[in-house]
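Asks: let's see this in three dimensions:
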Amino acid sequence: MLICVDLDGTLLDTVPANAASYRAALEELGFTVTDEYYAAHCNGGYYKDFLRPLMGGDPDPADVERVHDRKKALYADYLDCVRPNRALLELLQAMRAAGNRLACVTTSSRRNVNEVLSHFGCVCWFDLILTGEDVIKSKPDPEGYLKAMEHFGVTPAETMIFEDSALGLAAAKASGATVFKVEAF
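Replies: Model (predicted):
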């Protein structure tokens, strides 16, 4: 069985760290975002989509990339703000011990995923980590989940997915796998 898990909001509550690092990066260019706005309108979304309105609506694409790159560089400074979903972490440990394969499928950057999973000592649990850098189509497209299934040679019937956001749940359901919605923890 393949067990796929989303990162942000599912395995870890990374909203405070993401909001703080984006806020710091945006402020360097004279923009800002509140924690509340980030949680409601940005979390789980694709940075190229949610940064545009925060940067005046039609920013230079190079400035969007600059903010995103700076956010990734600042992210490690805020890892102590991240809260783990302890119940799901324990469940994943048990599933791995039972011989299941684990994949993390997220829209986050590889750099930040490795930093936060290493911070919690679980990066080595995953047999595969797919990030936003590994897909052409971001969630709600199921590309990431389908790539994970293809990587392991399994069918949707042999796959379980844990997700939290509307975009992630849409991607998971579109993959044909069994989907578990993770509520606030």
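
Asks: tell me the pLDDT at His41?
Replies: What the model reports as pLDDT for His41 is 89.

Asks: ok, residues contacting stretch 9-19?
Replies: When contacts are defined by C-beta atoms under 8 Å, 6 or more residues apart in numbering, stretch 9-19 is touched by residues 5, 7-8, 33-35, 38-39, 42-44, 71, 75, 78-79, 81-85, 88-89, 92, 104, 108, 116, 120, 162-165, 168, 182, 185. Where C-beta positions appear, they are placed from N, C-alpha and C, glycine not excepted.

Asks: list the ones among the residues you listed that fall in strands.
Replies: Using DSSP state E, 5, 83-84, 104, 162-163 are the members of these that sit in strands.

Asks: could these be laid out in TSV, adding neighbour count and distance to Asp60?
Replies: TSV is the format used below for the ones in strands among the contacts of stretch 9-19 (neighbours: other C-beta atoms under 10 Å; distance: C-beta to C-beta, whole Å):
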residue	neighbour count	distance to Asp60
Val5	26	35
Arg83	12	35
Pro84	16	37
Cys104	26	32
Phe162	21	37
Glu163	25	33
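
Asks: closest to Ala172 among the residues you listed?
Replies: Glu163 (4.6 Å; C-beta to C-beta).

Asks: buried only: go through the contacts of stretch 9-19 for me.
Replies: Among the contacts of stretch 9-19, those buried by neighbour count (16 or more other C-beta atoms under 10 Å) are 5, 7-8, 33, 38-39, 42-44, 71, 75, 78-79, 82, 84-85, 88-89, 92, 104, 108, 116, 162-165, 168, 182.
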